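Colleague: Give me coordinates for this.
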Amino acid sequence: MNQNCIELIGVSKRYQSPTGDRWALRDINLKITQGEFVGIAGRNGSGKTTLARLLNGLVFPTAGNVLVNGMDTADRMYLSQVRSLVGMVFQNPENQIVSPIVEEDIAFGPENLGISREEVSERVEHAIKVMGLEELRHHAPHLLSGGQKQKVALAAVLAMQPTYLILDEPTSMLDQQANFELVRQLKRLHREYGITIILISHHMEDLTLADRVIVLDNGCIQMDGHPRSVFQDIDVLERCGLRQPEIIQLAANLRKRGCQLDQGIVNFEQMVDEICQLLMLKV
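Modeller: Sure thing, here's the model as predicted:
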């Protein structure tokens, strides 16, 4: 058994209600290995949030098993270990703010791990530096912008030093610029610190920097592969209520106008590099 991954084996999740049972997920088989940057896409109601909550034991499967580094989340003996390995950032950062000062909020989690005061201080300093919050460390979190609050929430989770970082629709309350900056911050965390990123969104633009994209619909996995192949399958995307990222649509329109662009372009950075190379060839 691979001990360095999150694995779902035949996982289904049913919610009961007075109006009848509802299956949020059906027979999911999935493995996410440490070091990956995985994007999970799907329209509202597709099962994304249920999947996210299953991964760190906030909810438990009705059938099947969720294993985190070999530990079954349904086994209460492992639950605290699982939750220390799998950090989670929610859609609304205000739901994770617990202290009146930014640096105190970031310290809250590590302080409850029973580690030394020196290590708590080191973790807080590292998280503040990584997220670029030096100038905001003494500010009140509730007075910050949406993008800044999301950075504080992310820093608070990073201070816990998780192996896996799950973000459930973290850009849904951000403006376009803050959205852009957060996704690139996540890519930097993945690249420089080796943190496994699991980014969940119904905005396909958020997932263009992922190494792998999984598409959910009606509680089932519809696609799982490299962004290039997933984003090009327009029929399946539309059937799942999704659309291609705008950067891919732009590249297609430029090709129609005669630009010799690489077919593998899936994100903004690749588009910039490709256009720069074309301009250099013309000089």
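Colleague: Rank the helices and strands of this structure by mean pLDDT and give me the bottom one.
Modeller: Across the helices and strands of the chain, mean pLDDT, DSSP states H and E gives its lowest value to helix 268-282, namely a mean of 76.
Colleague: how about the helices in the stretch 1-150 of the chain?
Modeller: 48-55, 79-85, 102-111, 117-130, 146-158 (DSSP state H, counting those that start in this stretch).
Colleague: name the helices or strands packed onto the biggest helix by length in the chain?
Modeller: For the chain, the helix that runs over the most residues, judged by DSSP state H, is helix 176-193. Where contact means 3 or more CB pairs under 8 Å, 6 or more residues apart in numbering; DSSP states H and E, helix 176-193 is packed against strand 37-41, helix 146-158, strand 164-168, strand 196-201. Any C-beta I mention is one placed from the backbone N, CA and C, and that applies to glycine too.
Colleague: Go through the ones you listed and name the closest to residue 222.
Modeller: Of all the helices and strands packed on helix 176-193, it is strand 37-41 that lies closest to residue 222, at 9.5 Å by CB to CB.
Colleague: Of all residues in the chain, which one is nearest the centre?
Modeller: residue 199 (1.6 Å; CA atoms, centre = their mean).
Colleague: Run through the stretch 1-150 of the chain and note the low-pLDDT ranges.
Modeller: Across the stretch 1-150 of the chain, the ranges flagged by pLDDT under 70 are 1-2.
Colleague: Please state the offset of stretch 90-99 from the chain centre?
Modeller: Chain-centre distance of stretch 90-99: 16 Å, with CA atoms, centre = their mean, to the nearest Å.
Colleague: my bad, should have said stretch 77-96
Modeller: 13 Å.
Colleague: likewise stretch 21-29?
Modeller: On CA atoms, centre = their mean, the centre of stretch 21-29 falls 21 Å from that of its chain.
Colleague: Residues contacting it, please?
Modeller: 8-15, 47, 50-51, 54, 61, 64, 218-221 (CB atoms under 8 Å, 6 or more residues apart in numbering).
Colleague: What's the ChimeraX syntax to select whichever of these are buried?
Modeller: Only the buried entries of those go into this ChimeraX selection, using 16 or more other CB atoms under 10 Å:
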select :8,9,11,12,13,47,50,51,54,61,64,219,220,221
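Colleague: give the contact list for residue 173.
Modeller: 91, 92, 93, 146, 150.
Colleague: Count the neighbours of the residue nearest to residue 264 when sequence neighbours are not counted for me.
Modeller: Residue nearest to residue 264 in three dimensions, not counting chain neighbours: residue 228, with 5.5 Å by CB to CB, 6 or more residues apart in numbering. Neighbour count of residue 228, defined by other CB atoms under 10 Å: 13.
Colleague: how about the helix or strand hosting residue 228: buried residues?
Modeller: If you go by DSSP states H and E, residue 228 is part of helix 227-232. Neighbour counts over helix 227-232 (16+ other CB under 10 Å) mark 227, 230, 231, 232 as buried.
Colleague: How far does that helix sit from its chain's centre?
Modeller: The answer for helix 227-232 is 18 Å, by CA atoms, centre = their mean.
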